[in-house]
Structure formats: C-alpha cells, structure tokens
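A.B. asks: The following block contains a protein sequence and its predicted model.
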2 protein chains.
Amino acid sequence: MNLKKLSTLLGLSQTTVSRALNDYPEVSEATRARVKAAATAHNYTANTRAKSLATGRSMAIGHVIPISTRHEIVNPIFADFIAGAGEVYSRNNHDMLLSVVPDKDEERTYRELAGKASVDGVIMHGPRPNDPRIKLLKSLSIPFVVHGRASDGDTDYSWVDVNNRRSFERAANFLFDLGHVRLGLINGLEFMDFARRRKDGFLDAHRQRGIAADPALMVSGEMAEDVGYQSARDMLGRAEAPTALIVSSMIMAIGVRRAIGDMGLKMGRDISVIIHDDVLSYLPNGADIPIFTATKSSVHHAGQLCAQMLLDIIRAKDQTPRHTLLETGLTVGESTGPLRQR
Amino acid sequence: MNLKKLSTLLGLSQTTVSRALNDYPEVSEATRARVKAAATAHNYTANTRAKSLATGRSMAIGHVIPISTRHEIVNPIFADFIAGAGEVYSRNNHDMLLSVVPDKDEERTYRELAGKASVDGVIMHGPRPNDPRIKLLKSLSIPFVVHGRASDGDTDYSWVDVNNRRSFERAANFLFDLGHVRLGLINGLEFMDFARRRKDGFLDAHRQRGIAADPALMVSGEMAEDVGYQSARDMLGRAEAPTALIVSSMIMAIGVRRAIGDMGLKMGRDISVIIHDDVLSYLPNGADIPIFTATKSSVHHAGQLCAQMLLDIIRAKDQTPRHTLLETGLTVGESTGPLRQR
DNA sequence: GTGAAAGCGCTAACAT
DNA sequence: ATGTTAGCGCTTTCAC
C-alpha cells in the first residue's frame, strides 16, 4: 500500500491524504478522520526513503562503533548505551543506523554518513584527548553529540558525560570517613578520558584530607579480570598494603575478589572494596549486586540523554553546544566493610 | 555533491556517470577511470535514499531488539552479536537498522519495517517455542534469519544456532570421564529454547552413562549472579551434594564462585565447575578467563554467520531455508579440578 | 479545503 | 559506448 493507491481508494488527491496524515491544519477534520481510518485499515505506513528524499531529513541517527583489534573498553558499554538511545529514537520515530567498522575506517564512515545524507546526526563514542574526530564532524557540519568528553581545550561541542571525577572523589572520601587512610586505585587505561578523570577525583579526595597518595597503590590497565586479579595481589602483598580498594569496573572487581580469596583475606573484614561500574545490564534488574558495592550511574541513562540532546539539536537547528554532566549515586553494600578505626 | 553536478562537471550524462560508478560493463574503461577519479576527488557518495527508492532495494538489514521490563537474557548477548553482524554488513555496504522497542510493540515494528520498505531483511532474536513472530515474518514475506531455533515442529525457516545440546552433553561427559558421578546443572530459564536444549544435552550424557540425573541438582532461573549463588548454596548444602557443576552463564558462575568461597570450599579440590558462556566480550581478548573453564563458542561468530546468511538469501532471491549449527569448543582450565576417583 | 504539478537524487528501460 | 526519458513514493509550492 502506498500513497497513490490509498488516495485513489479514497477518491482524494495524494496531496490531501499526505496532509491529513501529517497533521497539516488546512485539512478538514472530517476528511482527516476518514483518511487516518483508511490508513490504519489498510496498514499504510509512509515509505521512509521516499519521505526523506522529499523532505531532506532522513529521520535517522547514526552510531559509529569502531571495532579495534584489541577488545578495549567499548564492548560491554555499548549494549546498554545503545538500548537507552534506541528507546528514545523509537519514541520519536527515528531510526538508528549502526555502523560497526574497523577503527581505521572510522573517518571514512563519518564522511560517508554525511555524504550519503543517510542520517540527520551522529553520536560519537569513546573520545580521546584531542580527538581528531571532533574536528572532522565539525567540518562535515553534521549535528553530533559526544558520549564523554575529550579533555582538551576545545569543549566547543555537545556532550553528555558522567561526572567520573566527582564519583571517585566521593568514593575515596566515603572510605576516608570510615577511617581508612591507605586506599588503592585500580583504574582503566589512563589514555582514556574517563579513566584520567577518575584518577583526578581519587587524588582530589587525598588532597582534601591532606593525605599523600601512594603511587604504588594506583594502577592502570585494561579492564579485564586478570588485570584486577594481579593488581590486587600486588597491592595487598605489599608491606604497606591498602585497607580499601576502589575499582574502576565490575570485571576487574571480579578479579580483585578472586585475589582476596586466594590470599586468605575476607572482604569487609580485611579489605573493603568499592567498585564503579556504569553498566547496569550486568546486574539483575539493575539491583545492587550482592558481591560489591557499586557507585551506580547507568550508561543506559547516558544513552537516553545523548539521543534526546541530539534530537533537540536537530529539531531546533541550533548547534550551540549543550552539556550534561551526570552525577553518580553511591550505593553502599556489605562488602565495603565495617568502620575501621585507625 | 550529487550525480547531476558531477555529471555536468564531467560533461557526461547522469546515466553514464551512474553506470561507470556502478561497474556496468558497457562503459569504456577510459571514462570509467575518469569518472571514478572525479568522484573521489569531489568526495562523492551516492545518496542511499535516492538509490534505494530507485532500485527498490534498501541495502539495509533490520534488527529488532525487544526491551522487556524484566532484563532477561538478551542484553549481554546483543553487543557481541551486533558487532559480529555489523562487520559483515560494513564489508558488504549494507546498513544496520536497530530498533529497540518495548516487547509489546515488537510485532508492530516488524510490520512497519516491512511496510516502510526500510530494510531488505531482518534478523530475529531470542526465539521461543512456537514463536508467533515467525509466522508474522513469513506473512510479511520479508527475508529473515533467526538467531536460535524455536523448538516446535516448524523448522521451515532459516536459522543459525549454537549446538547447545551437544555442548552440554560434552561438558557432562567430560566430567564423567574425570570420575565425577553427581553433577549439578545451573541453567537459564527453560522456556527459552537454548536452555531447554542445554538441559537435554545434560540428560543425554546421563543416559549414555546409565546414571540417573537427580532432579534436585538441576535448577533453572534467571541468569543473574544471585541466582547462581543461591542455587550453588542449595545444591552444595545437600547431603548428596554434587562434586561438579555445569553453569549456563558466566554471570551465574560468578555467584557460584561466591557461594563456594562462602561455604569454605575450594574450587578444583572440593568442587569442579564448567561454565558455558557465548559472550566472549567479557573475557580479556577472548582468552579463557582464569576463574573458570568455559565451553567457548562466540555469539560474535553467530552474528557474522546470521548476517552473511541473510545477505546470501537476499542476493539469491531464494528463500529456501538454510541452517547452520555451530559446534562449541571445550576449553579446560585449572578449576575444573583434578581427576576424582570414585 | 482540495488538487495539479514539480522535484528530491538516483536507476533502468529504451533509444541511438 | 553514451544519452533521453520515465519513474521510484513522497512533500511542497502554487492555483483554485
């Protein structure tokens, strides 16, 4: 079923039917009702391609997902983010176009998306310091929103980010309040923007308390189980071992837990652990998992906000940068451990 | 830059330019070279919408991802699957259209995708016994491939699936070979097709050895950490406790590990564990994680195969059902435990 | 309030 | 080997 057939069927012109369906005011309510009834009756939906060819708007948003040889952070994050963004698109009758490309082809993909006019805007993921993609997207003059921030001078673009710095500052201060004085940090790779900010927050808290952070108790590595394991073993085996750990991802924390068990220590008694993990899909129904305490702030939510922001930008045709900084919630569980007096 | 401009620029007709770009044989090699050079020079890429409107093919594949209130299995699986499928689409110049919809809207979404002609085919996820979506997709006469199988009589559609049954049969036999005689199964919800097959495989092995499977040692629940924990506690606390467990997902296995630790048992000595997990993105670089032994078979690979199969079907315009059954690899690690003599 | 006609950017007969 | 023309399904002036 298409417009032509539907209109002849109704004895109306394509124009009128189109106008009725798209809620143009000049159509009489009587015909509009008749048209809409017929449309649903005959299961009519406007062909997106034709529509976007005619209007110039594609009603689609592009997400470019670079796939690197090294598995990096990206994978687990995306499911949640995409789901959040997707919900927003669905509600707003937009399509989501996913391009999974080898990271070396990322630039070409952006160019093509812009050239083929197949999307009205794009979401950019995983920014790195001085990210060249930002300049590229600007030069292509296509609306875009960045998930995360590239920590350079140029903040002249729209982004949605979690307040990683404050999150880790709060986590550290929370432990200081419990009486801990030696904290360990098991962080992601610090060339990633978020990891850098997390470390900054960790250090902020130390400065506020006048406590010197021990470089030996701050490690940075790939977010993997074995990295968590090895880091925890190393730290906890030291003469000056930490009494609490802040871990930068769930998967690393699983390794940390294994290390603690292997060393004959007990969580919450000998060592307290707080983890930060943005991906709630790991957790049953988003609940706090019983193993660890998590500072929760969902990437799912970030996805929704990015999508909404981008749609707003497109709708308003106003590209002045917008920013959203998400605060995290600190949820405290058993394993954080009882108050330790010095 | 569009065809019109490019063609006037070259002093050729749109047709010739189009033909040159699309590798039609009737164009002289000289002009083809000239045209292609100009195209790259001016950064020209054909507008997808216009192209698909003209050809009738959209060069896009749809993935419908139902988002349920209960978090179910779906989430962690998708990242990997989508990544695999996406790679194949990229290589074949197809777009991937993702629709994230509340599961009650799933049917409507399929109808719209077909009606709007926005995709050439769809991939269906998470089939359930006697799944109504299969009839729907057939009635819409849109090419589709199912990831997984619906275990009813009607196998008259294309699918790609992991051999879950054999995987669990092998896992159980592997443990029997080690001398174990009481095995526990911690499985996903058995209204899901794959979980049912896994149980069947588990039972197959028992039958082959003439060992009766104890119903008390076969549990089925949501794939969550706490379900794994509770199930393991229950089983291991019994008078007739199992000496080995087969766990149906990594996340449940994490709970199992916690239970084992809490009960003062030691993995590999008191209790052996084999897990099956299709999602390699959890694992660092796809390597065997050091905690558990896994029967590995990547959903990522399944994604690639689904995508390729669908593209083949579309290209061949031949909808006779095709099937691919993926065998799993059993990777053995320390924690499976030493040979236990009876 | 409704309709006729042009056009979005491309491909595919049908010429030549 | 290249060009002319019509048309994919829709929206959008412009007329009435």
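C.D. replies: Received, thanks.
A.B. asks: And for the residue of the stretch 101-250 of chain A found nearest DNA strand C, nearest residue in space, chain neighbours not counted?
C.D. replies: The nearest approach of the stretch 101-250 of chain A to DNA strand C comes at residue A:117, 7.1 Å away (Cβ to the nearest atom of the strand). In short, each C-beta sits where N, CA and C put it, glycine included. Among residues not flanking residue A:117 along the chain, residue B:47 sits closest, at 5.3 Å (Cβ to Cβ, 6 or more residues apart in numbering or on different chains).
A.B. asks: what's the spacing between stretch A:8-16 and its chain's center?
C.D. replies: On the basis of Cα atoms, centre = their mean, to the nearest Å, stretch A:8-16 is displaced by 46 Å from the centre of the chain it belongs to.
A.B. asks: For that stretch, which residues meet the burial criterion?
C.D. replies: A:10, A:12, A:16 (16 or more other Cβ atoms under 10 Å in any protein chain shown).
A.B. asks: With stretch A:234-241 instead?
C.D. replies: Applying 16+ other Cβ under 10 Å to stretch A:234-241 flags A:234, A:235, A:236, A:241 as buried.
A.B. asks: who touches that stretch?
C.D. replies: Here stretch A:234-241 makes contact (Cβ atoms under 8 Å, 6 or more residues apart in numbering or on different chains) with A:182, A:184, A:186, A:214, A:216-217, A:219, A:242, A:245, A:259-260, A:263, A:265, A:271.
A.B. asks: Keep only those of the residues you listed that are in strands.
C.D. replies: A:184, A:186, A:219, A:245 (DSSP state E).
A.B. asks: and those residues, which two are the farthest apart?
C.D. replies: A:219 and A:245 (10.3 Å; Cβ to Cβ).
A.B. asks: which residues does the residue lying closest to residue A:132 once chain neighbours are set aside contact?
C.D. replies: Among residues not flanking residue A:132 along the chain, residue A:107 sits closest, at 7.8 Å (Cβ to Cβ, 6+ apart). Contacts for residue A:107 (Cβ under 8 Å, 6+ apart) come out as A:132, A:133, A:136.
A.B. asks: quick one: which of those residues is nearest chain B?
C.D. replies: Nearest to chain B among the contacts of residue A:107, counting by Cβ to the nearest Cβ, is residue A:136 at 12.6 Å.
A.B. asks: per-residue confidence for the closest one?
C.D. replies: You'll see residue A:136 listed with a pLDDT of 91.
A.B. asks: where does the stretch 51-200 of chain A come near chain B, residue by residue?
C.D. replies: Contacts of the stretch 51-200 of chain A with chain B, taken as Cβ under 8 Å from any Cβ of the partner chain, map to A:52-53, A:58, A:60, A:65, A:67, A:70-71, A:75-76, A:78-80, A:82-83, A:85-87, A:89-90, A:95-101, A:105, A:109, A:111-112, A:115-118.
A.B. asks: Just the buried ones among those residues, please.
C.D. replies: A:52-53, A:58, A:60, A:65, A:67, A:71, A:75-76, A:78-80, A:82-83, A:85-87, A:89-90, A:95-101, A:109, A:111-112, A:115-118.
A.B. asks: how about the strands in chain A?
C.D. replies: Using DSSP E, strands in chain A cover A:60-67, A:95-102, A:121-125, A:144-147, A:158-162, A:183-187, A:218-220, A:244-247, A:272-277, A:293-296, A:323-326, A:329-330.
A.B. asks: among those, which gets the worst mean confidence?
C.D. replies: strand A:293-296 has the lowest average pLDDT among those, namely a mean of 48.
A.B. asks: show me where pLDDT drops low in chain A?
C.D. replies: A:69-76, A:151-154, A:279-297, A:330-342 (pLDDT under 70).
A.B. asks: can I see the domain layout of it?
C.D. replies: A:3-46, A:60-162+A:299-326, A:164-297 (automatic domain parsing).
A.B. asks: For the stretch 51-200 of chain A, which segments count as helices?
C.D. replies: A:74-91, A:106-115, A:132-139, A:164-177, A:193-209 (DSSP state H, counting those that start in this stretch).
A.B. asks: Run the contact check for the second one versus DNA strand C.
C.D. replies: I take that to be helix A:106-115. No: against DNA strand C, helix A:106-115 shows no contacts by Cβ under 7 Å from any atom of the strand, the least distance being 8.7 Å.
A.B. asks: before we move on, the earlier item: so which of the ones in strands among the contacts of stretch A:234-241 comes closest to residue A:42?
C.D. replies: residue A:186 (60.0 Å).
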